[in-house]
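Enquirer: could you look at this predicted model? Sequence included:
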Amino acid sequence: MKILIADDDPLVCRSLSMLLSREADMTVTETVSNGAEAMAACKKHLPDVILMDIQMPEMDGIQATRRIKESWPEIRIMMLTTFKDEQNIRLALVAGAEGYLIKSTQVSSMAHQIRTLASGASVLDADVLKQLSGRPQGAKKESADPLTPREKDISALVAEGLSNREIAARLYISEGTVRNTLSVILEKLQLRDRTQLAIHHWKR
């Protein structure tokens with residue numbers, strides 16, 4: 001898996017590059033310091049995943065994400081930032097980012113989340129999901145819940161960022177069962193995708 005790191009902090013770039021390069025299935029192709037350089041690096045390397053900071057000179061991460069997704073929609077983009085305010089989160093997701101992690105995430109966990117993102121799933125930090133849910137503390141839960149216990153289990157694991165394969169292994173069921181159950185869950189809740197399901201889970 002080819003990874004591009006875009007961050008204007010040289011220490012962050014060096015640290016991430018060194019630590020992720022220890023993963024057998026990951027290769028850091030380049031580190032860049034702004035969005036314009038990230039676009040140039042995409043032309044050169046066509047990475048599988050980009051770890052993208054938000055605040056960078058010349059072209060910020062949100063602008064770069066939007067432009068990269070227009071030209072290379074197959075590239076998966078994980079925002080990796082210190083910002084966890086709702087405005088930046090929503091702007092990044094609207095721009096096309098499939099993931100949003102906070103820089104305090106442990107590298108071992110980050111490698112797992114990168115693999116999950118590359119597999120096609122959306123990955124959002126737990127604090128980010130709570131921020132998006134907008135549920136005030138002490139708010140009452142909705143009384144009606146159409147999900148079965150197994151469907152609730154799968155929803156909770158989706159909210160943790162697990163892929164279908166990982167959910168299947170955790171619950172000792174087949175991937176096909178996970179896929180089919182997930183389709184039923186989305187239909188029941190009238191949700192579009194895994195990200196909306198994760199947000200729904202945190203709201204409750």
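Expert: On my side now, so go ahead.
Enquirer: and the contacts of stretch 158-176?
Expert: Counting by C-beta atoms under 8 Å, 6 or more residues apart in numbering, stretch 158-176 makes contact with 113, 115-116, 119-121, 123-124, 126, 129, 150, 153-154, 157, 177-179, 182, 194, 197-198, 201-202, all of which sit outside it. All C-beta spots, glycine's among them, are computed from the backbone N, C-alpha and C.
Enquirer: show me what the helix-or-strand element of the chain with minimal mean pLDDT is packed up against.
Expert: Considering only helices and strands, the least confidently modelled element of the chain by mean pLDDT, DSSP states H and E is helix 126-133, at a mean of 72. Packed against helix 126-133 by the contact rule (3 or more C-beta pairs under 8 Å, 6 or more residues apart in numbering; DSSP states H and E) you find helix 86-95, strand 99-102, helix 194-203.
Enquirer: so the helix or strand following it versus helix 126-133, what angle?
Expert: Under the assignment DSSP states H and E, the closest C-terminal helix or strand after helix 126-133 is helix 149-159. Orientation check (axes from the mean of the first three to the mean of the last three C-alpha atoms, to 10 degrees): helix 149-159 against helix 126-133 gives 110 degrees.
Enquirer: mind giving me the domain ranges of the chain?
Expert: Under the assignment automatic domain parsing, the domains of the chain span 2-133, 149-203.
Enquirer: tell me the SS of Leu51?
Expert: At Leu51 the chain is in strand, as set by DSSP: H, G, I helix; E, B strand; the rest coil.
Enquirer: Gly61 is in contact with Ala6, correct?
Expert: Yes. Under the criterion of C-beta atoms under 8 Å, Ala6 makes contact with Gly61 at 6.6 Å.
Enquirer: buried sites along the helix ranked longest in the chain?
Expert: In the chain, assigned by DSSP state H, the helix with the most residues is helix 175-189. Buried residues in helix 175-189, counted by 16 or more other C-beta atoms under 10 Å: Val178, Thr181, Leu182, Ile185, Leu186, Leu189.
Enquirer: using a markdown table, lay out the residues you listed together with pLDDT and distance to Val28.
Expert: Formatted as a markdown table, the entries for the buried residues of helix 175-189 read as follows, by pLDDT from 0 to 100; distance: C-beta to C-beta, whole Å:
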| residue | pLDDT | distance to Val28 |
| --- | --- | --- |
| Val178 | 90 | 31 |
| Thr181 | 90 | 36 |
| Leu182 | 90 | 32 |
| Ile185 | 91 | 36 |
| Leu186 | 89 | 35 |
| Leu189 | 89 | 38 |
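Enquirer: surely Glu37 is in contact with Ile5?
Expert: No. With the criterion set as C-beta under 8 Å, Glu37 and Ile5 do not qualify as a contacting pair; they are 10.8 Å apart.
Enquirer: between the two, tell me which one has more neighbours.
Expert: Remark: of Glu37 and Ile5, Ile5 carries more neighbours, 26 against 19, as counted by other C-beta atoms under 10 Å.
Enquirer: Ile54: which of the helices and strands packed on helix 126-133 is closest?
Expert: Relative to Ile54, the nearest member of the helices and strands packed on helix 126-133 by C-beta to C-beta is helix 86-95, separated by 5.9 Å.
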